[in-house]
Every structure is written in C-alpha cells, then in structure tokens.
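> Here is my input, please return the structure:
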Amino acid sequence: MFVLTEEYKSKLKTVLSNPNYIESSGKTCKQLIDEVTSEYVDGEKNVAKIQTLCICHVLRNARISVEPWDIFADKIDADDSIESFRNKFVSEVYKNEPDAKRHSQAWEFNQFWAGRDFGHVAPDWHRLFTLGIGGIIDKAKQKRATATKEKAGFYDTVIQAYEAMSDLVLRFASYADIATENGKKLYDCLVWIAKNPPRTLYEVLELALIYYRVECSVERDYVRSMGQLDALWEQFYINDIANGISKQENDDLIKAFFLRLNAFKVVANVPFALGGQTTYRNASYTDFTYHVFELYSSLQLAYVKAHVRVAEGIAESYFHDICADIIGGNSSYVFMNDKTIRKGLQRVGVSEEDCKEYLVMGCYEPVCTHHEICSTCNSYLSLPRALTFALNNGVEPGNGEFSSVRTGELDTFRTFDEFVKAIEIQLDYIISKVRQYIVFAEENYNKMNFAPLLSGTYADTMDSGKDIYEGGMKYNNSGVNLVGLATLVDSLMAIKHFVFDTKQYTLSELNGILLSNWEKDEELCIKCKKLNKKYGNGNAEADELTSRIINFASERLNGMPNGRGGVFRMGAFSVDAYMNMARRQPATPDGRRNDEFLSKNLTATMGCDKEGISGLIRTLSNVDFTKTPNGCVLDFIVHPSVVSGEKGPSVLWNVVKSHFANGGFAVHGNVFDKQRLIDAQNNPDKYKNLQVRVCGWNAYFVELSKAEQDVFIANSK
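Numbering: from 1, shown residues only. Down below sits the predicted model:
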C-alpha cells in the first residue's frame, strides 16, 4: 500500500529538478539531437515521416530515470530533441512568406504577433484512458486495413509512434525495483498499461504522467490541460474501493500526482478542470468533484492551477469553499461561466451538443473537448497601436517608415467620431495582416509539424485519416487576442475631452507631446491621468467605446476562415503580452509613457479603478462576451479586510456571481494588502510561499521580477 510520507514529498522536490538518469538506459539529449539530425533530417522533406521516425528513435533510445523509492516513473532525457530540428523546417517555410519585411517590423515594434501555435493542446484524455496504448494501436490498424494509400501513411505514423511509446513504458518497467513495495507496484502497473487500458486509478495516473511528459518533451506540443479530473477519475475511484483498494491509498496517490505536476515548475502552470457536464457523466457536480477539490486544496500548490466550471445545479457551498481557499492565499483558481462560454463557442460554429463538454486550454481558452484542436494563441494584437497609427497617418514612429494605411492628416478630423473611425480603419488593417500571417503559417503546418501521438487519441483524426495539423479535427480553429483595451479606451476619452470637447489642444499638438514622451507638457500628462472619465468605472461614454471596440474587432475575426479548414476566434486576454508589447509602444494619451505597461486583460489602467470592482463589473456588463469565445477574464485584487470573517467567502463569491449574471466569461484574482507585498519585496525569505495570480497562472511573489512585483504593489489597496 502506497503511503504519502514527508520523506517522499521531500525527495520529489529535488529528483525532478535534478533527475538521476540511468546511464545504461540510453543516450543523452545532445546525442539524440545529433543522431536524428544526421540520420533522418538531412535531405528528407517528408515532415510526417521524419517526425515520426525521430519520435520513435527518442522514445526507444533516450535515457530514463526510475527511482527505487518512487511510485511513478515518467522522466525521459528528451527536451529539445525534436524541436531542435523542427525549427529547421519552420525556417524553410518562412523563407517564402509573402510580405515578410512587414511581418518582421510588426514583431520588432510589438505592433502585433502572429503565426503558428503548437503550444496549446491536450489529448482526448477520456479516449486515452478508455483505449490505452494498445487500444489506440489496434484502432489505427483497423483503420489502416481499409484506408486509401494516402490515409494509410497517417495510420502508419500513429501505429509506429504508439508502439514506440509502449516500448518506452516497458523500458521504465525494466528498471523498476521489484524488491521494494513501491517498485513492485510500479512494475506491475507499467507492464499492464504498456499494452492495455488502465483498470485502476493508479494506472490512470501513471499513464497520464507518461503521456504528459512524452507529449511535452518528445513530440514537443505542450499539453495545456490534464482534463476534467473529477469526471475522468470518478468511476476508477469507485471501482477501486469496490475491489478492496483503500480510499486513503487512492487519496495519497492523487496528492502525489498533484505534487509531481507541481514539481515540474511549469511557468504558466499545469492546468486541470473541475465540474461541468461531460459526454460520459451527466452530472455537472458530484461528491467526488468536491473530494478532488479538497485533496488539491490541502496541498496549496503554486504550479498547478484549477479551471472551475460554474454551471446551474452546482451547490454554492462548493464555490464558497473555493473562495475561502483563495482568501487563505491559494489563488490558483479561475471560475469559468458555462452559459457564456457555450454561447461563445456556438457563435464560431460549434454545435450546441458539442460545446456542452468543453475544456479550458492554458489560461482561459475553452475548446470543444473531443472535437477541437484550437491554436488559441496564434496572435496577440496591440489595440493602442491602431491609435498610434491613426495619430501618425500610418507611420511607425519607431523608425519613421510607413507601416499601415493612410487615414488622413490630423487637422482633417472635425469630430471625435471621425477620428475613432480612423482608428477602426487602422485596426481593420492590423487584423487583416494578422489573419494573413496566420493563414500562411497554417497552410504550411504540414511542412512544420506532425503529431501522431496527439492525433492518435482523437476519434476525429482517426476517422478522417489526417493529422491534427492537417485539419483532421471537426473544429480546427485559431485564436487572436486583443491587448491593451483600457489603454485604448482611456486614451480616446482623453482625446475626446482635451481635443474635441474643450478644444484645449489640437490633435497635432497632442501627438507632438506624445512623441516627446510628455516632455513638452508634463502638466497635460498629469491631467490625462487624473481625468475622471475612465474605463472600468461605469462611465457611460467610456463603456460605449469599450463595446464599440469589442464589436468592431469581433466582426472582423469571429467566424472568418483560417488556413486549416477552421475559423478565427477572438479573445480579450493579454497574459504577459501587456508587458512585452509595451516595449517600443510610444506614449499614449491616457498619461502612459514610452514603454510603460499596457492595461492587463480586462482590468482598468493601473491606478484608475476609482470605483473598485463594482465599477469594473458595471463597465463589463455592457460587453457581449460571447464575442470573445477565445477567452477573457475579470481580474480582482481585494483587500483582506473586505473578505474577512465567516461571510468573507460569500462576499467574494457574490463578486463572481454578479459578473456572471451580467454575462461575464471568467473571473480570478488575489486577496492581499499593499504592506504585506512591500514587506515581501524587502524580506523575501519570510514570504517564500506567498502566491499571487499573475495572469492566467500563479507564481510565488518573491520569484517575480521587481518590475512585476511593483505592478502588484501599485494595484493593491
């Protein structure tokens, strides 16, 4: 019987960061890179063939690690072994990109980022656990027997890759120490799952860990959800108890699983989902949902995050307890509104039936669980750039070159609405270029990447006989995300007030001040910052502009055809792009200076949320969030005094409920006070376990850069 001891926890923290690879078990990552490059890549053009051969070579020959004390085995020395040569194929493709100079300039000046995205995927976990490795091989062989010559090649890649994965599992088994209790249990598990579907929860957990490591490290497509764990695990858990496996042992195994994921220290965290309907469990919530939450909550993990689906019929006491955990310092949760998300997915063509079961990929990006591989981060697009282009008639101030479209000299705009329309023309141009560059990348996906292991888990790809990157899924969609919404709205409100309403400045005068980084008029900079008509405060004019921008961009993105048989979907989240895209962004009329951060996600500009969270909710109640099907989020920072005492969790949950009642998409945030953060910045050793919700992920506050820490301090009350 496995028991989770303090000694086991301690060993787990170090062994994953410093894996003890068995030298006799295989070759180093560098050796593998040299071998696959010389043996498979040079002179070969068939990416599907090359990638599959390389995956098989790595799975069969990479060094592995199996610890005698460990209950799990998943460590393989393979990072970069595939990606190192895949980048060569990517480079070859981009040599032929039309308008490449313009694209390069967009990256250089952070106007927008657009291209490929292989970093937001997940297998069909339920199908993987139902069929197992051997079952996927059998399905592929059955399909191949009646396939055309063209499709037979695809099935061959799946068969070859999964046979190599089976060999990897048996290699792990061969090094398990059967003289120890954990080693014998691990050996029996590995021998079984190498050929068969899992029978127990333990076998499910081990298969999930191996798949996660292989997909991320070998096939090199990043798994951004471990699945809806309560639904995936529940029947195995029930069956185990009926078969004499103790509840305590399974609970310890679940905790060990979470601790192992946490020990990977994935920067954007390892996500999983809780609650919501699935095709194989009708109930959105069961007692087991709460049990998984309890086990996860007890560990207070910073690198594993939970997507909490909020649906009708789920007990509010469950949500209250999650809020209590957030108040207690564990901010690794994001609440997702089923009602809005499903309507948003339907807006971009997902059927009502298919969108009942969705999985959140990465931070906030919902995808149809069994039928969709969406590249959710094909692009981040800076909204303030449209303003900068309009102020400079299409010229990039960073180099003085014409970079967009001509929308007119500044003295030709007679009304505020005329100027806003010029910004819309610039935004339309930016969106058109973003779509162009993504379509080019996607039309060439089959020359850059191939994923037989990922494709093998999906019924859609197995039925179509096409890899996921060849358009083999029912929905093959692409995400474009807007950055700097509040920065643009506040800038427009400043222009409206100082140029068009009070006529204190002309547009040309204001633009000259901006290009001087406010040095020509510091007093105006202060006035713009203090202007009371701001985004996120329930101001009618600002709120109307907010809706107008979202609606305009939505019409030009949502449902438009992409380059792999799907459509574009729009999001309004920034993650860390609000920092990175600020570099080389000139000053903006909201009082922001050169290179200062843009606004984050749906939040107000830093220091401008005078009405607090209630003002932001009022603003967002005017937005139709079904038009952001790729995801968005309301961030909150609440002072501990607001949510103290017995009623604290209820107060916090009411914030979430209020936003969702108005059609909100997602909510997450932090509960802390400014003084504690300042003390943590000055005395990091005292606050090693202090967590903060950064964007779509958690981090330890003391591990953030000083600039990032300063943002949290400035935003706290």
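
> which residues of the stretch 251-400 of the chain fall in strands?
Taking DSSP state E, counting those that start in this stretch to define them, one finds strands in the stretch 251-400 of the chain at 270-274, 304-310, 333-337, 358-361, 365-368, 375-382, 395-396.

> nearest to residue 7, of these?
Each of those was checked against residue 7 via C-beta to C-beta, and the shortest separation belongs to strand 304-310, namely 21.4 Å. All C-beta atoms are positioned from the backbone trio N, CA, C, and that covers glycine.

> Just send the strands of the stretch 251-400 of the chain back as TSV, with distance to residue 321, mean pLDDT and mean neighbour count too.
As requested, the strands of the stretch 251-400 of the chain are arranged in TSV below (distance: least, C-beta to C-beta, whole Å; pLDDT from 0 to 100; neighbours: other C-beta atoms under 10 Å):
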stretch	distance to residue 321	mean pLDDT	mean neighbour count
strand 270-274	12	98	23
strand 304-310	11	98	24
strand 333-337	11	98	25
strand 358-361	20	97	28
strand 365-368	24	98	28
strand 375-382	30	97	27
strand 395-396	51	96	18
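
> Dump the ones you listed to JSON lines, plus distance to residue 352.
As requested, the strands of the stretch 251-400 of the chain are exported to JSON lines (distance: least, C-beta to C-beta, whole Å):
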{"stretch": "strand 270-274", "distance to residue 352": "20"}
{"stretch": "strand 304-310", "distance to residue 352": "17"}
{"stretch": "strand 333-337", "distance to residue 352": "17"}
{"stretch": "strand 358-361", "distance to residue 352": "12"}
{"stretch": "strand 365-368", "distance to residue 352": "11"}
{"stretch": "strand 375-382", "distance to residue 352": "21"}
{"stretch": "strand 395-396", "distance to residue 352": "45"}
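
> what is the mean pLDDT for stretch 173-184?
Averaged over stretch 173-184, pLDDT sits at 95.

> sorry, that was for stretch 346-355
This predicted structure assigns stretch 346-355 an average pLDDT of 97.

> Check what contacts that stretch and list those residues.
341-342, 345, 368, 370-372, 474-475, 477, 558-559, 567-569, 626-627, 629 (C-beta atoms under 8 Å, 6 or more residues apart in numbering).

> and residue 431, which of the strands of the stretch 251-400 of the chain is closest to it?
With C-beta to C-beta as the measure, strand 375-382 is the member of these nearest residue 431 (7.0 Å).

> got a list of contacts for the closest one?
Here strand 375-382 makes contact (C-beta under 8 Å, 6+ apart) with 110-120, 361-362, 365, 367, 430-431, 434, 437-438, 441-442, 477-484, 569, 571, 574, 577, 581, 585, 598, 630-631.

> Counting only helices, which of these make the cut?
The helices in this structure, assigned by DSSP state H, contain 430-431, 434, 437-438, 441-442, 577 from the contacts of strand 375-382.

> Quickly check the residues you listed for the two that are furthest apart.
When the ones in helices among the contacts of strand 375-382 are compared pair by pair using C-beta to C-beta, the farthest-apart members prove to be 442 and 577, with a separation of 20.6 Å.

> which residues does residue 631 contact?
If you count contacts by C-beta under 8 Å, 6+ apart, residue 631 has them with 360, 363-366, 376, 479, 481, 571-573, 665-666.

> Let me have those residues in CSV, adding distance to residue 208 as columns.
Shown next, in CSV, are those (distance: C-beta to C-beta, whole Å):
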residue, distance to residue 208
360, 17
363, 21
364, 23
365, 21
366, 21
376, 22
479, 25
481, 29
571, 27
572, 32
573, 27
665, 28
666, 25
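
> Which of these lies at the shortest distance from residue 274?
Taking C-beta to C-beta as the measure, residue 274 sits nearest to residue 360 out of these, at 10.5 Å.

> Tell me the bridge partners for the residue nearest to that closest one when sequence neighbours are not counted.
On the basis of C-beta to C-beta, 6 or more residues apart in numbering, the spatially nearest residue to residue 360 that is not a chain neighbour turns out to be residue 307, at 4.0 Å. For residue 307, the beta-bridge assignment (DSSP bridges) gives partners residue 273, residue 334.

> that older thread, residue 534: which of the strands of the stretch 251-400 of the chain is closest?
Scanning the strands of the stretch 251-400 of the chain with C-beta to C-beta as the criterion, the closest one proves to be strand 375-382, at 19.5 Å.

> Sheet partners, orientation included, of that closest one?
Strands flanking strand 375-382 in the sheet, each with its direction: strand 112-114 (antiparallel), strand 478-483 (parallel) (DSSP bridges).

> Name the residues that touch the following helix or strand past the longest one?
So the one you mean is strand 478-483. Beyond strand 478-483 on the C-terminal side, the first helix or strand identified by DSSP states H and E is helix 485-495. Residues from elsewhere that reach helix 485-495 (C-beta under 8 Å, 6+ apart): 383-384, 386-387, 416, 419-420, 423, 507, 510, 528, 531, 533-536, 539, 541-542, 545-546, 549-550, 572, 588-592, 598-599, 602-605, 608.

> Among these, which lie within helices?
Among the contacts of helix 485-495, the members falling in helices (DSSP H) are 383-384, 386-387, 416, 419-420, 423, 507, 510, 528, 541-542, 545-546, 549-550.

> Okay, residue 413 and residue 75: tell me how far apart.
Separation of residue 413 from residue 75 (C-beta to C-beta, to the nearest Å) stands at 62 Å.

> quick one: which of these two has more around it?
The neighbour count for residue 413 versus residue 75, taken as other C-beta atoms under 10 Å, is higher for residue 75 (24 against 21).

> Bridge partners for that one, pull those for me.
Beta-bridge pairing of residue 75, defined through DSSP bridges, involves residue 65.

> Thanks again, I'm all set now.
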